[in-house]
Each structure stands twice: as C-alpha cells, then as structure tokens.
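**Q** here is the input, now give the coordinates:
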Amino acid sequence: MSPSAALLTSLMLVAGLALIAHAAPRRRSPRLAARLEPYLRGLEPRASRLLDTVEAPLIPVPVLDRLLRPMLDEGGQWVGRCLGGTPTVARRLREAGLSENVERFRAEQMLWGLIGFTAGIAVGVAAPLVTRGTSGIAALAGGAVGLLAGVLGRDWRLTRQVERRHARMLEELPALADLICLAVTAGEAPRNAIERVVARAHGELSRELGLLLADLGAGTSFLAALERLAARVPVPQVVRFVDGLVVAVERGTPLADVLRAQASDVREQRKRDLIEAGGRREVYMLVPVVFMLLPVVVLFALYPGLFTLVQIAR
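**A** Residues are numbered from 1 along each chain as shown. Below is the predicted model of the structure:
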C-alpha cells in the first residue's frame with residue numbers, strides 16, 4: 001500500500017472512531033429540553049396545519065440526508081462560530097428571496113465543505129500517483145483547501161443570488177412604475193393602484209409589493225410600509241423610488257409625474273449600465289486575441305527566419 005493510501009485510510013479510521021465516541025450515550029449528556037420533554041408532552045399549543053412548511057432536504061437521497069443531517073447541523077454550528085455574522089447572513093438570505101434560516105444555510109456550507117474536502121483529498125491522492133511521488137502531505141493540503149473552498153463557495157453563491165435578484169428587480173421597476181402611474185392617472189388611490197398592479201404582475205419586485213400590501217392589511221400605515229419596503233430591498237433605484245412615493249404622499253406632489261420621472265431615470269441608468277458593461281466586454285474580448293492569437297501569429301512569422309538562422313549557424 002502506498003503512503004498516500006495508508007494516510008487516507010488512517011484519516012478515515014480516526015474520523016470514524018471520533019464520530020462513534022462523540023455519539024456514545026455516556027459522552028453525550030441530555031439537554032434540559034430533552035429532560036423536560038416527557039413531562040411537558042401534549043401541553044404545547046398545536047399550530048395550524050396551514051402554517052406548516054415542508055423543508056426541502058439538503059441531500060436529494062433521503063437515506064443520506066437522515067444519516068448526515070445531524071453531522072451537518074453540528075458542523076454548521078461550528079462554521080457559524082468560526083465565521084460569525086449571523087445577522088448579516090439573515091439579511092442576505094432575505095435579500096436573496098430565501099427563508100431566513102441561518103442554521104440551514106450553515107448546514108449547506110458544511111455540506112459544500114465536505115464535498116470540497118472529498119474532492120481535495122481525491123486530487124491530493126491522485127496527484128502524487130500521476131507524478132510518481134509518495135508525499136501524503138498533498139492529500140491533507142488538498143482536503144484543507146477543498147474544505148475552505150466549499151464553505152466560501154456557498155457564501156459566494158449566496159452573494160450571486162442576491163445580485164441576480166437585485167438585477168431582476170431593476171428590470172421590473174420601470175414597467176411596474178409605469179403601470180402604477182397609469183392606474184393613478186386613471187383615478188386610483190396609491191394603495192389601490194399597487195393592488196391592481198400586484199394582482200397582474202409576476203416577479204421579484206411584485207412579490208415585495210405584495211409584502212407591502214400585507215403590511216398595510218395588518219394595520220401598518222402607508223408610509224411605514226414603504227419604509228419597510230426600502231429596508232427589505234436595499235437597491236439604490238428602488239430606495240429612490242420609495243423615497244419619491246413618500247415625498248409625493250407627504251407633500252401632495254402629483255404622484256403620476258413622480259412615478260413617470262422615476263421610471264425614466266431607471267431606464268436611463270439601465271442604458272448607462274449597458275454601455276459600461278459593453279465597454280468592459282470589449283476589453284475582455286482582447287484577452288484571447290492578445291494572449292492566444294497574437295503569440296501564434298508571431299510564432300508563425302518568426303519561426304521560418306529562426307529556422308534559417310539555425311541552419312546557417314550549423
């Protein structure tokens with residue numbers, strides 16, 4: 001057996017023994033909730049079944065999900081203690097349109113870390129075999145790098161989800177502003193106009209406007225509900241749109257003109273962003289030309305002369 005395979009086998013044995021020792025009943029003292037649960041069973045109020053939500057499993061295979069879920073939950077708690085920032089993660093989950101379940105997100109980070117750890121171990125074991133080496137440190141280094149890359153990769157994916165959702169909101173904002181403007185021009189009140197638009201629109205921003213209507217239905221004032229909308233969606237254009245509505249309602253400014261101006265400003269900003277993105281793409285297009293095509297052209301141009309000089313030198 002090669003040293004790398006022996007090291008990997010030893011690591012798996014140590015990890016298995018550590019899991020068995022951790023799960024032993026003598027090593028695991030019962031918590032207060034577990035001790036009081038037999039005496040309080042049946043006394044807790046039953047929630048309505050209409051409020052029950054089915055949580056999707058972390059792993060598509062049910063058997064693996066039941067086996068690995070406790071370990072993923074404990075690993076997620078360890079990741080949370082190491083990284084911290086629970087309020088920030090909850091805010092980013094809310095901005096991404098996901099449930100504010102920080103524990104599940106930490107468990108997903110641990111799952112991605114385990115996948116990266118396995119891939120890193122495999123690469124670290126395969127690399128010395130390909131290069132005919134016997135170093136087992138590559139396996140440990142690959143596993144550590146894979147674990148860190150998996151944990152940070154899930155965080156990066158959450159950031160990308162937030163950015164994509166904000167981009168979809170910016171695409172919907174001009175159309176929704178125009179529709180609300182048409183409804184207000186036709187004589188509808190701001191709340192009725194938003195209700196009419198939300199009933200016929202489908203998208204991320206329309207869902208946020210639906211939450212605005214839910215706040216209004218719960219008894220919140222219109223201005224306070226708008227401020228909550230601006231806090232939930234920290235996109236500068238949406239915040240500016242909400243501020244325009246607040247100013248129009250407070251000072252009696254014609255709401256239709258404000259909405260029309262807001263939609264025009266968002267479209268102009270969108271055009272400027274597209275022009276800037278096009279300029280960056282032009283620079284990116286030069287990368288394969290400069291680093292791939294140009295060296296080949298230079299090589300084809302210089303190789304005959306270099307070959308001739310070598311023949312003359314001989």
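
**Q** what sits against residue 227?
**A** Residue 227 sits next to 242, 246 when contact means C-beta atoms under 8 Å, 6 or more residues apart in numbering. All C-beta atoms are positioned from the backbone trio N, CA, C, and that covers glycine.

**Q** show me where pLDDT drops low in this structure?
**A** Low-confidence segments of the chain (pLDDT under 70): 1-5, 7-8, 19, 22-30, 41-55, 128-136.

**Q** got the residue ranges for the helices in it?
**A** For the chain, the helices defined by DSSP state H occupy 3-23, 32-40, 62-83, 86-95, 102-130, 137-185, 190-200, 204-217, 222-232, 236-251, 255-288, 294-313.

**Q** may I see these organised as TSV, with distance to residue 56 added?
**A** Below are the helices of the chain laid out as TSV (distance: least, C-beta to C-beta, whole Å):
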stretch	distance to residue 56
helix 3-23	25
helix 32-40	25
helix 62-83	10
helix 86-95	15
helix 102-130	9
helix 137-185	16
helix 190-200	27
helix 204-217	19
helix 222-232	23
helix 236-251	29
helix 255-288	34
helix 294-313	49
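
**Q** now do the same contact list for the spatially closest residue to residue 229 that is not a sequence neighbour.
**A** With C-beta to C-beta, 6 or more residues apart in numbering as the criterion, residue 229 has its nearest non-adjacent residue at 5.0 Å, and that residue is residue 212. By C-beta under 8 Å, 6+ apart, the residues touching residue 212 are 194, 225-226, 228-229.

**Q** isn't residue 244 up against residue 262?
**A** Yes - when contacts are counted by C-beta atoms under 8 Å, residue 244 is listed as touching residue 262 (5.2 Å).

**Q** settle it for me: which of these two has more neighbours?
**A** Shown here are residue 244 and residue 262; by other C-beta atoms under 10 Å, residue 262 has more neighbours (25 against 19).

**Q** now the more buried one: how far from residue 217?
**A** Between residue 262 and residue 217 the computed distance is 25 Å (C-beta to C-beta, to the nearest Å).

**Q** got it, and residue 227?
**A** 17 Å.

**Q** so for stretch 242-258, first residue to last residue, what's the gap.
**A** Taking C-alpha to C-alpha, to the nearest Å, stretch 242-258 runs 11 Å from one end to the other.

**Q** next, the buried residues of stretch 112-120.
**A** Neighbour-count burial for stretch 112-120 flags 112-117, 119-120 (criterion: 16 or more other C-beta atoms under 10 Å).

**Q** just curious, which of those is nearest to residue 63?
**A** residue 114 (16.4 Å; C-beta to C-beta).

**Q** so what's the closest one closest to, chain neighbours aside?
**A** residue 150 (7.0 Å).

**Q** doesn't residue 108 make contact with that neighbour?
**A** No - assessed by C-beta under 8 Å, residue 150 is found out of contact with residue 108, at 9.9 Å.

**Q** the residue lying closest to residue 146 once chain neighbours are set aside: what's it in contact with?
**A** What sits nearest to residue 146 in space, not counting adjacent residues and going by C-beta to C-beta, 6+ apart, is residue 120, at 2.5 Å. Going by C-beta under 8 Å, 6+ apart, residue 120 touches 141-147, 149.

**Q** by neighbour count, which of the residues you listed wins?
**A** Among the contacts of residue 120, the one with the most neighbours (other C-beta under 10 Å) is residue 146, at 24 neighbours.

**Q** which of the contacts of residue 212 sit farthest apart?
**A** Maximum pairwise distance in the contacts of residue 212, criterion C-beta to C-beta, is 13.8 Å, between 194 and 228.

**Q** higher neighbour count, the two?
**A** The neighbour comparison of residue 194 against residue 228 (other C-beta under 10 Å) goes to residue 194, with 25 against 16.

**Q** residue contacts, the more buried one?
**A** Residue 194 neighbours (C-beta under 8 Å, 6+ apart): 180, 209, 212-213.
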